[in-house]
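Asker: sharing a model that was predicted from the sequence below.
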Amino acid sequence: MNRVPYPDPATLSPAKRAYLDNPNLRVLNIARISMHAPDPIWRATVDMAIAVVTDTLTDDRLREIIVLRVAFLSRSQYELHHHLSLARSLGIAQAEIAALESGDFAALTPRDRIVAQFTTEVVRDVDPSDDTVAAMRIAFSDAHVFEIIAIIGSYMNAARVAAVARIANDEVAITSWAKEREVE
């Protein structure tokens, strides 16, 4: 059971009620609990969540590497419920998932390894080392590095919202963002 109940739909703004009532949209528990936030913050959160999974420089596989590392570091069962499913559907091997959980990135490709290390340092230390930032800037454009920071931050936020409210996992995990986008 949630520590914080979902908001009563009757008390929500017209924009939030329209979102909930959209028959073409699967409203996840994280979206439902986030409706406690004032409308401008809620809208920005929704827009950010959509932005980090659509039209990005980061491909789906690399995004799941980032998100899984955030989820493991944050001990977010809610995020892991969805993103382990997504990772497996994208062909991320169990050895790679284990590496992201343990922090021993030897099973990852060099590119994935530097992203996992960068993600670790941003989540754990806030300020990544000069060597890690330099490695990221060799592997990615500055725009892509800052996009990755935004992805990390978005999923850190989601993990913390889920943890504070102790929301239940959704009945069905997401297996494809493309399928979810078809619903929108």
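Answerer: That came through fine. Numbers count the residues shown, from 1 in each chain.
Asker: for the nearest residue to Thr56 once chain neighbours are set aside, the count of nearby residues, please.
Answerer: Spatially, and ignoring its direct neighbours in sequence, Thr56 is nearest to Glu147 (5.9 Å; C-beta to C-beta, 6 or more residues apart in numbering). Heads up, the C-betas are built off the backbone N, CA and C, glycines and all. Residues near Glu147, counting by other C-beta atoms under 10 Å, number 18.
Asker: which parts of the strand or helix carrying Glu147 are buried?
Answerer: Taking DSSP states H and E as the definition, Glu147 sits inside helix 142-165. By 16 or more other C-beta atoms under 10 Å, the buried positions in helix 142-165 come out as 144-145, 147-149, 151-152, 154-159, 161-163, 165.
Asker: same for it, what does it pack against?
Answerer: Here helix 142-165 touches helix 29-33, helix 39-51, helix 60-74, helix 77-89, helix 110-125, helix 130-139, going by 3 or more C-beta pairs under 8 Å, 6 or more residues apart in numbering; DSSP states H and E.
Asker: chain center to the shortest one, what's the gap?
Answerer: To tie it back to what came earlier, the one meant is helix 29-33. 13 Å (C-alpha atoms, centre = their mean, to the nearest Å).
Asker: contacts for that helix?
Answerer: Applying C-beta atoms under 8 Å, 6 or more residues apart in numbering, the external contacts of helix 29-33 come out as 2, 4, 6-7, 19-20, 46, 49, 78, 158, 161-162, 165, 167-170.
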